[in-house]
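Trainee: turn this into a structure:
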Amino acid sequence: MAAALAAVLLTGCSSGGGTPEREQRTAAPGQVPQSSARPADATRCGATPRSYRPAGALPQPGHMPAKSTMAGIVARGRLIAGVDQNSYLFGYRNPLTGQLDGYEIELLKRVSTALFGRPDRIQFRTITSAQRIPVLLQKDPVDIVIDSMTINCERWQSVAFSSDYMDAGQRVLVPKDSTAKSIDDLGGRKVCAASGTTSIDTLRGLKEHPVVAVGVKDWTDCLMLMQLGQVDAVSTDDTILIGLQRQDPNTKLIGPRFTAEPHGIAMQPRQVDFVRFVNGVLEQMRQDGSLEKLARDWLGDGTTFGPPPAVYRD
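Mentor: Predicted structure coming up:
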């Protein structure tokens, strides 16, 4: 399947922050430069939130534009990334190797290769769904978060997103002996989702057949609660549910998608140059077929999860 995980660098990190999009402040060597560029205006998102167009061809690895966010990352010597370790197939700790593995880990390796010329210059910080935005905005932020994150205008108020690299939709996972056929059959029942996700917000907003939404820290907690009979179902993006189903073959996916969940890579809102750079990597992967191959390798042939064409705001 996927290659062995890149080495995890455990040394400390410099504070992140900036882009050369407008005014540029000078940063010390190894630091990511600061910028006065404003975060994206969420009112421009529309029904399908749009990202920033790549700024031409990617620079050569190790030779980033002077004073750019990418130059600061390269000077530091590593890309600091927020990832999941509990989403099987996407970002999870491989029990055979003890290393992080999955679709999104492989995608990060392509970003590392574009920056450094090698895939192993990544320092991973494992996070929960609820931490995905805070880790980009805290005093010691990560550079990038890739964690099955739905792009929407509300989140664009806080972070900047890449183009959509995979389309998913919310569905339901139930025990194999369940008689439920869709979310409509679970009115009044306990349905689990991770806290801090659009999935639990959707469950709490159901009007016609309201459910009892149960929030937990990680998706594996939902699966455990369902195995113990403490919840009746798990509901989130079907990409995540496929991983849970493979972990427990005594479960089944039911019903059609009842939301649209475009997936994006999140970055600090003022680092627009880095967003353009990552979009350049994604565009390169669309063109060479490797983005589609990742989906097939991890989710199987005939997958309907991507990659969608990129749509930009500029």
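Trainee: all strands of the stretch 101-250 of the chain, in order?
Mentor: For the stretch 101-250 of the chain, strands defined by DSSP state E, counting those that start in this stretch occupy the ranges 122-126, 144-146, 160-161, 166-168, 170-175, 190-194, 212-216, 233-237.
Trainee: ranking those by mean pLDDT, which is last?
Mentor: Among the strands of the stretch 101-250 of the chain, strand 166-168 has the lowest mean pLDDT, at a mean of 91.
Trainee: re earlier: what's the closest of the strands of the stretch 101-250 of the chain to residue 203?
Mentor: Nearest to residue 203, of all the strands of the stretch 101-250 of the chain, is strand 212-216, at 4.0 Å by CB to CB. Where you see a C-beta, it was placed from the backbone N, CA and C, and this is true even at glycine.
Trainee: what packs against the closest one?
Mentor: Strand 212-216 makes packing contacts with strand 190-194, helix 198-204, helix 219-227 when contacts are defined by 3 or more CB pairs under 8 Å, 6 or more residues apart in numbering; DSSP states H and E.
Trainee: distance from the chain centre to it, please.
Mentor: Taking the mean of its C-alpha atoms, strand 212-216 sits 22 Å from the chain's own mean (CA atoms, centre = their mean, to the nearest Å).
Trainee: quick one: low-confidence parts of the stretch 1-150 of the chain?
Mentor: Across the stretch 1-150 of the chain, the ranges flagged by pLDDT under 70 are 1-48.
Trainee: recalculate using a threshold of 50.
Mentor: Low-confidence segments of the stretch 1-150 of the chain, defined by pLDDT under 50, are located at 1-31, 33-43.
Trainee: which stretches in it count as helices?
Mentor: 69-76, 103-116, 134-137 (DSSP state H, counting those that start in this stretch).
Trainee: to residue 297, which of these lies closest?
Mentor: helix 103-116 (7.8 Å).
Trainee: and the angle for the closest one with helix 69-76?
Mentor: Taking axes from the mean of the first three to the mean of the last three CA atoms, to 10 degrees, helix 103-116 and helix 69-76 form an angle of 90 degrees between their directions.
Trainee: from the contact counts, what lies against helix 103-116?
Mentor: helix 69-76, strand 79-83, strand 91-93, strand 122-126, strand 144-146, helix 272-288, helix 290-299.
Trainee: save the ones you listed as CSV, and put in distance to residue 200 too.
Mentor: Formatted as CSV, those follow (distance: least, CB to CB, whole Å):
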stretch, distance to residue 200
helix 69-76, 32
strand 79-83, 19
strand 91-93, 19
strand 122-126, 20
strand 144-146, 18
helix 272-288, 27
helix 290-299, 23
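Trainee: okay, the strands of the stretch 101-250 of the chain in TSV with distance to residue 286 next?
Mentor: Conversion of the strands of the stretch 101-250 of the chain to TSV gives the following (distance: least, CB to CB, whole Å):
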stretch	distance to residue 286
strand 122-126	22
strand 144-146	16
strand 160-161	16
strand 166-168	12
strand 170-175	25
strand 190-194	29
strand 212-216	35
strand 233-237	21
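Trainee: in JSON lines, list those along with distance to residue 298 and mean neighbour count.
Mentor: Formatted as JSON lines, the strands of the stretch 101-250 of the chain follow (distance: least, CB to CB, whole Å; neighbours: other CB atoms under 10 Å):
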{"stretch": "strand 122-126", "distance to residue 298": "18", "mean neighbour count": "20"}
{"stretch": "strand 144-146", "distance to residue 298": "14", "mean neighbour count": "27"}
{"stretch": "strand 160-161", "distance to residue 298": "21", "mean neighbour count": "28"}
{"stretch": "strand 166-168", "distance to residue 298": "10", "mean neighbour count": "21"}
{"stretch": "strand 170-175", "distance to residue 298": "18", "mean neighbour count": "24"}
{"stretch": "strand 190-194", "distance to residue 298": "20", "mean neighbour count": "25"}
{"stretch": "strand 212-216", "distance to residue 298": "24", "mean neighbour count": "19"}
{"stretch": "strand 233-237", "distance to residue 298": "14", "mean neighbour count": "28"}
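Trainee: please consider this matter closed, and thank you.
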